[in-house]
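> fold the following.
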Amino acid sequence: RINHRGQWDDAFRFEQHPFICDYQGRYVVSGDKKSWMNARKACQAAGLDLASAKSMEDVNDLVAAITFFLGKPDENATKWDEDHWIWTGGNDMGAENEGNYTWIADGSPMVFEGFPWLYKAGGDNAKRTTVGQKRYRKGQDGITISKDGKFDDTFEVIERPFACQCP
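Sure, this is the predicted structure:
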């Protein structure tokens, strides 16, 4: 199994390990690209939910898991490269929730003191926009984390890698 530092640990090789989260980490990251909703369904199908990060320690652990599963940030990628951003369980979906970001797994507030928002993020800064060939009228309700640990709100229909949280 994999320990918390992302290193192989065969000290318990005599035990049977039926669950992926037995790798001793808090997060599992998938390189499969899905919309926010489909990413959540994929996590739930595995008995998990999209990732939450309620402290800087959690953010650091999540970035370590992203690096372990997907590799380090690509130095040639642009700031908004879709492979650089990973879905988390943060959102402000629903008209009554606009601007009130919470973690989907338990409804707790998403932002904490020192929360690493990307500059100008978190303000639902686009009611109508075009992404690639697609035009969206909805707001930016899904929350992503970059491979370098910054958070941003974006359109939940964009397909990206995603992070699930172990129980």
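> can you classify residue 63 by secondary structure?
Three-state call for residue 63 (DSSP: H, G, I helix; E, B strand; the rest coil): helix.
> what distance do you get for the nearest residue to it once chain neighbours are set aside to residue 161?
Of all residues beyond its chain neighbours, the one nearest residue 63 is residue 149 (4.5 Å), with distances taken as Cβ to Cβ, 6 or more residues apart in numbering. The C-beta positions use only the backbone N, C-alpha and C, and glycine is treated the same way. Relative to residue 161, residue 149 is positioned 15 Å away (criterion: Cβ to Cβ, to the nearest Å).
> settle it for me: which of those two has more neighbours?
More crowded of residue 149 and residue 161, by other Cβ atoms under 10 Å: residue 161, with 22 against 17.
> check the secondary structure at the residue nearest the centre of the chain for me.
With the centre of the chain defined as its mean C-alpha position, the nearest residue by Cα atoms, centre = their mean is residue 88, 2.5 Å away. Per three-state DSSP, the local secondary structure of residue 88 is strand.
> again, but for residue 144
strand.
> next: residue 32.
Secondary structure assignment for residue 32 (three-state DSSP): strand.
> ok, it - contacts?
42, 161, 162 (Cβ atoms under 8 Å, 6 or more residues apart in numbering).
> so can I have CSV of those residues showing pLDDT?
Putting the contacts of residue 32 into CSV (pLDDT from 0 to 100) gives the following:
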residue, pLDDT
42, 92
161, 94
162, 94
